[in-house]
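Chemist: requesting a structural model of the entry that follows:
(2 chains)
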Amino acid sequence: MRLPCPYCGERDSREFTYRGDAGLVRPDTEEAMADYVYLRDNPLGWHKEYWLHTVCRTWLVVERHTQTHAPGAVTAARSRRAGS
Amino acid sequence: MRYSLASLLLNAVSGQSRWSPAWRSPDPATHYDVVIVGGGGHGLATAHYLAKHHHVGRIAVLEKGYVGSGNVGRNTTIIRSNYLLPGNTAFYELSLKLWEGLEQDINFNAMVSQRGVLNLCHTDAQRDAYVRRGNAMRLNGVDAELLDADQVRAFVPFFNFDNARFPIKGGLLQKRGGTVRHDAVAWGYARAADRRGVDIIQHCEVTGLRIDKGKVTGVETTKGFIGAGKVALAGAGHSSRLAAMAGMRLPIESHVLQAFVSEALKPMIDTVVTFGAGHFYVSQSDKGGLVFGGDIDGYNSYAQRGNLPVVEDVMESAMALWPALGRVRLLRSWGGVMDMSMDGSPIIDKTPVGNLYLNAGWCYGGFKATPGSGYCFAHLIANDQPHPVADRLLLDRFSRGALIDEKGVGAQPNLH
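Modeler: Got it, this is the predicted structure:
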């Protein structure tokens, strides 16, 4: 699997560290916190997820297909507002 | 036909012509009292114990592929009960006890081999952790022995004991652990359940759940609608997708775990060993292949195949522990899709939807749990109460903060 870093181009997956679902939004209420921490959509198909490119140290939001492993759109996480 | 010496002799003199299929291939009925979704080890074991111990009426097992096509035929066949935490120890010990009597119970040779499982330690801190785990096991009536470096050397003399980075300092041995022929477990449970009247319906994928007034009433499948009094989900790897059909989200991510087998070799290792410094474990099948594996790939995946970095990592671990493997050729590698739960422990529980039951979150430890999982899930389905040894494996433990986190790494499924 190779992932496209917007700064470094397509790179081998071993340069990246996975940090899970990027679609989660930290809630304001304590009641919603357990769902935020533990529950996941876990889709078969396109999945928006955080990856750290450990070479250029950029956090990325990668859309990736969970069955084919093919990457789709990639953006730098810092370019998004939190939770958007 | 019951398998016995007499049936063997009868077929030996009649050209092996008198065998009947191990299980029927019935068309689905319009309604069952219990429909089990998932014809893997856990689903078939559940059907067997439901039919054997409980009176719940007609039972069907729906399998989207064929029996043995999922994780029950993709694992590395290890059984053990060396768990530390309350909630796990008694459950896995029940499972190991069921393995010990399995073949007589299901009248099928599953090649249960209690050849021992040895966890190696490489640091003093790791030995302390093993002392603690071994003591917890013994307090719960589970066998455990702490070996020092010399005892390990006498037991498995062929490892690299004096590796500068990972010297072997000792190990925790569970002699009752071992291996079981995984396919035979699926076939044996399928046959045993079938003989008690369970309908095993292969190539029948569940595409939806029909829910009426908060209660499940049946399943939509590729073979049409099947009504059900109770529906039990045992579709590990794809549990989140099944739960989504009932509008539920689970504390689970699906990850791919790879496994490997070498070319067939003369007997090299007569036990199961785990390398404590990396993540590597190895045993040898009766055909001679070394069966081994390591870490999950570490990202969400529903593919039954993984990527090369983990292959390389596993081979490096193998070489660090056992340099003699240097010129052994790899025969095959494959992947299976795991339900990685948020605390590394499984879920056997009712769901908020009426008459819908869930068996999920086995991480990469589902195979050893097969009999215990089926036994406890059957108890839950029949009685609406968790079995006493599984009464902490509940779905709401996450919101209650009552996690069973053996590794202590928190809600990070790819680290369990």
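
Chemist: show me where chain A has strands.
Modeler: Remark: strands assigned in chain A by DSSP state E are A:2-5, A:9-12, A:16-21, A:46-53, A:58-65, A:71-76.

Chemist: and the angle for the fourth one with strand A:58-65?
Modeler: The directions of strand A:46-53 and strand A:58-65 differ by 150 degrees, with axes from the mean of the first three to the mean of the last three CA atoms, to 10 degrees as the criterion.

Chemist: what is strand A:46-53 packed up against?
Modeler: When contacts are defined as 3 or more CB pairs under 8 Å, 6 or more residues apart in numbering or on different chains; DSSP states H and E, strand A:46-53 sits against strand A:2-5, strand A:16-21, strand A:58-65, strand B:289-300. Every C-beta, even on glycine, is put in place using the N, C-alpha and C of the backbone.

Chemist: please identify the deepest-packed of those.
Modeler: Comparing the helices and strands packed on strand A:46-53 by mean neighbour count (mean count of other CB atoms under 10 Å in any protein chain shown), strand B:289-300 comes out on top with a mean of 23.

Chemist: just the C-alphas of that one, formatted as CSV.
Modeler: C-alpha atoms of strand B:289-300 as CSV (Å, rounded to 0.1, in the frame of the first residue of the first chain):
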residue,chain,number,x,y,z
GLY,B,289,4.7,-26.6,7.9
LEU,B,290,5.7,-24.0,10.4
VAL,B,291,2.6,-22.0,11.1
PHE,B,292,3.4,-18.5,12.4
GLY,B,293,2.2,-14.9,12.5
GLY,B,294,2.7,-11.5,14.1
ASP,B,295,1.0,-8.2,14.5
ILE,B,296,-2.1,-6.9,12.7
ASP,B,297,-1.4,-4.6,9.8
GLY,B,298,-2.8,-1.7,11.9
TYR,B,299,-5.3,0.1,9.8
ASN,B,300,-9.0,-0.4,9.1
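
Chemist: I'd like the helices and strands packed on strand A:46-53 laid out as TSV, including distance to residue B:404 and mean pLDDT.
Modeler: TSV is the format used below for the helices and strands packed on strand A:46-53 (distance: least, CB to CB, whole Å; pLDDT from 0 to 100):
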stretch	distance to residue B:404	mean pLDDT
strand A:2-5	34	96
strand A:16-21	21	96
strand A:58-65	30	97
strand B:289-300	19	96
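
Chemist: spatially nearest residue to residue B:324 (excluding sequence neighbours)?
Modeler: Closest residue in space to residue B:324, ignoring its immediate chain neighbours: residue B:158 at 6.0 Å, by CB to CB, 6 or more residues apart in numbering or on different chains.

Chemist: hang on, the one you found packs against residue B:321?
Modeler: No: counting by CB atoms under 8 Å, residue B:158 stays clear of residue B:321, with 9.9 Å between them.

Chemist: most distant residue from the middle of chain A?
Modeler: Distance from the C-alpha centroid of chain A peaks at residue A:31, with 25.0 Å (CA atoms, centre = their mean).

Chemist: and the gap between residue B:132 and residue B:391?
Modeler: Remark: distance between residue B:132 and residue B:391 (CB to CB, to the nearest Å) = 24 Å.

Chemist: up against chain B, what does chain A have?
Modeler: Within chain A, the positions near chain B by CB under 8 Å from any CB of the partner chain are A:1, A:12-14, A:18, A:20-21, A:34-35, A:37-44, A:47, A:49, A:64, A:66-69.

Chemist: how about the secondary structure of residue B:312?
Modeler: Following DSSP: H, G, I helix; E, B strand; the rest coil, the label given to residue B:312 is helix.

Chemist: burial measure for it, as a count.
Modeler: 11 (other CB atoms under 10 Å in any protein chain shown).

Chemist: OK, contacts around it?
Modeler: When the contact criterion is CB atoms under 8 Å, 6 or more residues apart in numbering or on different chains, residue B:312 has no partners at all.

Chemist: now with 10 Å, please.
Modeler: Contact partners of residue B:312, counting by CB atoms under 10 Å, 6 or more residues apart in numbering or on different chains, are residue A:14.

Chemist: got the domain ranges for chain B?
Modeler: Per automatic domain parsing, the structural domains of chain B span B:27-108+B:182-251+B:343-415, B:117-176+B:253-341.

Chemist: looking at the ones you listed, which is buried most?
Modeler: domain B:27-108+B:182-251+B:343-415 (a mean of 21).

Chemist: end-to-end on it?
Modeler: 43 Å (CA to CA, to the nearest Å).

Chemist: so does it get close to chain A?
Modeler: Yes: using CB under 10 Å from any CB of the partner chain, we find that domain B:27-108+B:182-251+B:343-415 touches chain A at B:237-241, B:243-244, B:248-251, B:343, B:396-401, B:403, B:410-414.

Chemist: before we move on, the earlier item: residue A:6 is nearest to which of the domains of chain B?
Modeler: domain B:117-176+B:253-341 (18.9 Å; CB to CB).

Chemist: does the spatially closest residue to residue A:67 that is not a sequence neighbour belong to a helix, a strand or coil?
Modeler: Excluding its sequence neighbours, the residue lying closest to residue A:67 (CB to CB, 6+ apart) is residue B:302, at 4.7 Å. Of the three states, residue B:302 takes coil under three-state DSSP.

Chemist: what's the distance between residue B:302 and residue B:332?
Modeler: As judged by CB to CB, residue B:302 and residue B:332 stand 21 Å apart.

Chemist: what does residue B:225 give?
Modeler: From residue B:225 to residue B:332 the distance is 39 Å (CB to CB).

Chemist: residue B:112 touches residue B:99, doesn't it?
Modeler: Yes: between residue B:112 and residue B:99 a contact is recorded at 5.6 Å, counting by CB atoms under 10 Å.

Chemist: who touches both of these two?
Modeler: The contact lists of residue B:112 and residue B:99 share B:79, B:178, B:180, B:185, where a contact means CB under 10 Å, 6+ apart.
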